[in-house]
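Q: sequence plus the predicted model coming up.
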Amino acid sequence: MPAQYSAPLRLNYLQYTVRSSRQMLETTIRVLEPDSLDAIERPRILYLLPSTPELSHRSGDGLDEVLAHDLHNQHGLVTVAPTFSEWPWMTDLPDQQMFQQVLYFLEDVVGFIDRQYPKLPRVLMGYSKGGSAALQLLLRYPELFHAAAAFDSPIMKEQPDQWEMPYYWPNPEHFRNFAIPHLLRTRGHLLGQEPRIALYGYGNFGKHAPDWTYDHLSAGHELMDELSIPHRYDNSTRREHRWDSGWLPEALAGLDQMSR
C-alpha cells in the first residue's frame, strides 16, 4: 500500500504526517527550505538522519540547529528531517513489515521529497546511529546519494551485539549486508576518487572513548586509508553526544565542500 501524506503544517518549516505500511506508527517529515530557493544556483537536499525514534528532542534537534545557524541559507540546502517509529538503525527485514526501515526511507521519504524537489543532489548527515545510517546508505546506494557525514557514530560494528541491535538484526548473518566495515571493503571503490565520506568526533565513539566502547572514528579512518578510500576526517575536538553540542556547522561545511 502506498504511503499517505497529510497536507503540510506551516511552522518555521513544512511538516508532513506520514502513514506508511513500513512503520508501526505515524511518522513525520519536516522540510526546511532556503529563503530564496529559486535564486540558488546549485541547491541540494540534506537529509538529517535521527538517532532516536519518533519526533524527539532528548538529544537536541538537528533541524533546529540548522535553522538557528542559518545553515540552510549559507549552503543552499533543502533540509529534510524524517522520523522513524522505532529506533532508526536502518535495518531492513523483508519478513517483518515494521522493520523495513531502508525501504521506508528510500521509497516513502526520499521518493516523496524527490517529487517535491525533482533532480536535486542528495547528501546525508547524522550522529550516533544516524551517522552510521548515513554511511551505510551512501555505500549501498552511491548512485542515489552524493556524500555522507557522520559525527561520533559506532561505524565499525561488525556484529549486532550491543544496544538495541540484536532486536533489529535477530540473524547476525543478515547484519553483514549492513555492516560498514564490510561495505567499505566490498563497495568503497564505487565512491570514486573524490572524498564522499566525512568523519567527525569525538564523544562517545571517538578519541578517548569511554570504557564501554572504543574509538570507532579513528578505526574507520584507518580502514579507509588502508583501502585508499578518499575521505575527510577530524577527530580532534571533543563534543557532547548531541545535535546541539556545536559540531554541526563545521561538519556541514565539510559536507558542503564534498558535494559541490
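A: Right, received. Where do you want to start?
Q: quick one: low-confidence parts of the stretch 151-260 of the chain?
A: Applying pLDDT under 70 to the stretch 151-260 of the chain flags the ranges 206-213.
Q: quick one, strands of it?
A: 197-200, 232-234 (DSSP state E, counting those that start in this stretch).
Q: redo those as TSV? Include mean neighbour count and distance to Gly126.
A: Using the backbone N, CA and C atoms, a C-beta is placed for each residue, glycine as well. Output for those, formatted as TSV (neighbours: other Cβ atoms under 10 Å; distance: least, Cβ to Cβ, whole Å):
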stretch	mean neighbour count	distance to Gly126
strand 197-200	28	11
strand 232-234	18	15
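Q: could you dump the ones you listed to CSV with distance to Tyr13?
A: Conversion of the strands of the stretch 151-260 of the chain to CSV gives the following (distance: least, Cβ to Cβ, whole Å):
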stretch, distance to Tyr13
strand 197-200, 24
strand 232-234, 28
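Q: and the ones you listed: which comes nearest Pro82?
A: Closest to Pro82 of the strands of the stretch 151-260 of the chain is strand 197-200 (Cβ to Cβ; 20.7 Å).
Q: which residues touch the closest one?
A: 135, 138, 147-152, 155, 191, 217, 220-221, 224, 229, 231-235, 247, 250-251, 254-255, 258 (Cβ atoms under 8 Å, 6 or more residues apart in numbering).
Q: go with 6 Å
A: 148-151, 217, 220-221, 231-234, 247, 251, 254-255 (Cβ atoms under 6 Å, 6 or more residues apart in numbering).
Q: ok, stretch 104-122 next?
A: Contact partners of stretch 104-122, identified using Cβ under 6 Å, 6+ apart, comprise Ala3, Ser20, Arg22, Gln23, Pro43, Arg44, Ile45, Val78, Val80, Pro82, Phe145, His146.
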